[in-house]
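>>> Requesting a structural model of the entry that follows:
(one chain, ligands or ions: 1)
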Amino acid sequence: MPSLEEELFPSTPGKFKDRSHTMNRQFHRCFSSTSTMFLWALFLIALTASYLSFQSFVDSGSRYFSSSWGGLHWEKQVRTSGQIRRQHGFSVLVTGAAGFVGTHVSLALKKRGDGVVGLDNFNNYYDPSLKKARKALLNSHDIFIVEGDVNDARMLAKLFDVVAFSHVMHLAAQAGVRYAMENPHSYVHSNIAGLVTLLEACKNADPQPAIVWASSSSVYGLNDKVPFSESDRTDRPASLYAATKKAGEEITHTYNHIYGLSVTGLRFFTVYGPWGRPDMAYFSFTRNILQGKPITVYRGKNKVDLARDFTYIDDIVKGCVGSLDTAGKSTGSGGKKRGPAMHRIFNLGNTSPVTVPMMVSILEKHLKMKAKKNLVEMPGNGDVPFTHANISLARRELGYKPTIQLEVGLKKFVRWYLSYYHYSHGKPM
Ligand SMILES: O=C(O)[C@H]1O[C@H](OP(=O)(O)OP(=O)(O)OC[C@H]2O[C@@H](n3ccc(=O)[nH]c3=O)[C@H](O)[C@@H]2O)[C@H](O)[C@@H](O)[C@@H]1O
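Presented below is the predicted three-dimensional model:
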């Protein structure tokens, strides 16, 4: 019978000895590998620490030296731009300031003496050089534009740190009805995630600003009750774009309800005019007509013409400014609601829809050129056959009264287009 010792330690002679040797060796190896590991760990810690400090250096460096926001000079520019120059004036943060509506609203506010700080991410959804040109225009009126995204919470917090904005005019968005099929995530990024980040910043700000923001006529979707009233159904969007704008209306309601933010949503109806958006039909049609290229004119079922309640930019600006002027104060502070705050939604349209072929013939008249038209059945890509705004609520509450009809508005647009793109007598100079 093997002894206990043999049981415990195998019987092979020399094994125990061997084992003790082995253990000895292992102990040494183990010890040496532990110290190696220790050294490695030290090395890794040092490496991580230097990486982190390098990162923070890069981070602060990019914020304070090379990037588009941060630093004492930047803060001074923001503060100066946000300075109010009239009695009882506002200090307004305009997001999407280098956009079409953003540019016009910023100029109007600045002209009457409000402080205006612009914010824009200058993305390339359409020609960024047009956005840069709008920025130059704004700069020439002493409006500073921060280059940044509404998803950047740190940057927003910094902005509210530097200026106690009384109002936020939130116009930054991924626009365009049909592009949503190509790039759906950009709509979620800007119109939902970006909106929430902005609302969080507004909620945390002290004082909280009142918010006026751009919704869209597209929320009416498949609604066929005309004209479209604010109380009509908006639960059947026809495009993801429309769905994100509708979501925005619900999200802003939540922030109004929980945090006491004063919110006004504006449903814009196909806004057009000088400095407009090149992705929109009236703009791209003008470009193609001038270049002798064909245009695609969509038609509804049974060859019915599509129609839009085209609204001129100056009328929209009046609606935006009227909304800011009548917005009640937000009631929250320290991220807490202190009482009920205003929550409003308005249609800003023109109340006189015009068919797309009619819009084309007005362009032809002003351009003194004929369009090469391809008539195509409206593809199922989010479009709606017509829009028509009932504006009685905006008229009553904001004093909103559109005055520019499409004929006149397109004339102003064409004049701007020819000058901006250096045309003379229908030919590029
Ligand atoms: O009112 C609104 O809320 C929306 O107005 C416009 O959307 P939309 O009315 O579709 O404007 P356009 O893209 O300029 O189209 C105007 C009309 O021209 C038609 N169209 C468009 C493009 C084209 O190549 N051919 C064509 O016939 C469209 O079907 C539509 O009936 C804007 O692009 C949206 O950002 C905005 O939210």
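
>>> Only C-alpha atoms from now on, for both contacts and neighbour counts.
Fine.

>>> Residue numbers of the stretch 251-400 of the chain in contact with the ligand?
Within the stretch 251-400 of the chain, the residues that sit near the ligand (C-alpha under 6 Å from any ligand atom) are 268-270, 280-282, 296-298, 306-307, 356, 383.

>>> Out of those, list just those in strands.
In this view, these that belong to strands under DSSP state E are F268, T296, V297, Y298, A307.

>>> Quote the end-to-end distance of stretch 119-130.
16 Å (C-alpha to C-alpha, to the nearest Å).

>>> and it, does that touch the ligand?
No. Counting by C-alpha under 6 Å from any ligand atom, the ligand has no neighbours in stretch 119-130; the shortest distance is 12.0 Å.

>>> In space, what's closest to the residue of the stretch 301-429 of the chain found nearest the ligand - neighbours in sequence excluded?
Proximity of the stretch 301-429 of the chain to the ligand (C-alpha to the nearest ligand atom) peaks at L306, 5.0 Å away. When the adjacent residues along the chain are set aside, L306 lies closest to P385, with 5.0 Å between them (C-alpha to C-alpha, 6 or more residues apart in numbering).

>>> Which strand or helix spans L156?
In the assignment (DSSP states H and E), L156 maps to helix 153-162.

>>> so what strands line up beside whichever helix or strand comes after that helix?
Counting by DSSP H and E, the next helix or strand C-terminal to helix 153-162 is strand 167-170. Each strand paired with strand 167-170, and its direction, by DSSP bridges: strand 91-95 (parallel), strand 210-216 (parallel).

>>> Next, the buried residues of whichever helix or strand comes after the shortest one.
Past strand 91-95, heading to the C-terminal end, the next element that is a helix or strand (DSSP H and E) is helix 100-111. Applying a neighbour-count criterion of 16 or more other C-alpha atoms under 10 Å, the buried positions in helix 100-111 are F100, V101, G102, T103, H104, V105, S106, L107, A108, L109, K110.

>>> Helix 100-111 - contacts with which helices or strands?
Judged by 3 or more C-alpha pairs under 8 Å, 6 or more residues apart in numbering; DSSP states H and E, helix 100-111 is in contact with strand 91-95, strand 115-120, helix 128-140, helix 313-326.

>>> so the last one versus strand 91-95, what angle?
To tie it back to what came earlier, the one meant is helix 313-326. Angle, helix 313-326 to strand 91-95, by axes from the mean of the first three to the mean of the last three C-alpha atoms, to 10 degrees: 130 degrees.

>>> Tell me the pLDDT of K427.
pLDDT recorded at K427 is 86.

>>> Now for the closest residue to it other than its chain neighbours, how many residues are close by?
Among residues not flanking K427 along the chain, L290 sits closest, at 7.6 Å (C-alpha to C-alpha, 6+ apart). L290 has 20 neighbouring residues, counting by other C-alpha atoms under 10 Å.

>>> Tell me who's in contact with L290.
L290 makes contact with L367, M369, G426, K427 under the criterion C-alpha atoms under 8 Å, 6 or more residues apart in numbering.

>>> How about Y272?
Y282, F310, T311, Y312, I313, G409, F413.

>>> And for the fourth one, the neighbour number?
Burial of Y312, expressed as a neighbour count using other C-alpha under 10 Å, amounts to 26.

>>> Could you list everything it pairs with in the sheet?
With DSSP bridges as the rule, Y312 is bridged to Y272.

>>> show me where the stretch 201-350 of the chain has helices.
240-259, 281-290, 313-326 (DSSP state H, counting those that start in this stretch).

>>> is it true that L138 touches L107?
Yes. With contact defined as C-alpha atoms under 8 Å, L138 counts as touching L107 (6.8 Å).

>>> and R154, which of the helices and strands packed on helix 100-111 is closest to it?
Minimum separation from R154 across these (C-alpha to C-alpha) falls at strand 115-120, 13.8 Å.

>>> Packing partners of the closest one?
If contacts are counted by 3+ C-alpha pairs under 8 Å, 6+ apart, strand 115-120 sits against helix 72-81, strand 91-95, helix 100-111, strand 144-147.

>>> any chance of these in TSV, plus mean pLDDT and distance to L261?
Shown next, in TSV, are these (pLDDT from 0 to 100; distance: least, C-alpha to C-alpha, whole Å):
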stretch	mean pLDDT	distance to L261
helix 72-81	98	23
strand 91-95	99	15
helix 100-111	99	22
strand 144-147	98	24
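
>>> looking at these, which is closest to the ligand?
Of all these, helix 100-111 sits nearest to the ligand, with 10.6 Å by C-alpha to the nearest ligand atom.

>>> Restricted to helices, list the contacts of L290.
Taking DSSP state H as the definition of helices, the contacts of L290 contribute L367.

>>> which phi and psi does the residue nearest to L306 have?
Torsion angles at P385 (phi, psi; degrees, to the nearest 10) stand at phi -70, psi -30.

>>> my guess is it contacts A307, does it?
Yes. Using C-alpha under 8 Å, P385 makes contact with A307 at a distance of 6.5 Å.

>>> Scan the helices and strands of this structure for the one with the lowest mean pLDDT.
Sorting the helices and strands of the chain by mean pLDDT, DSSP states H and E puts helix 4-8 at the bottom, at a mean of 35.
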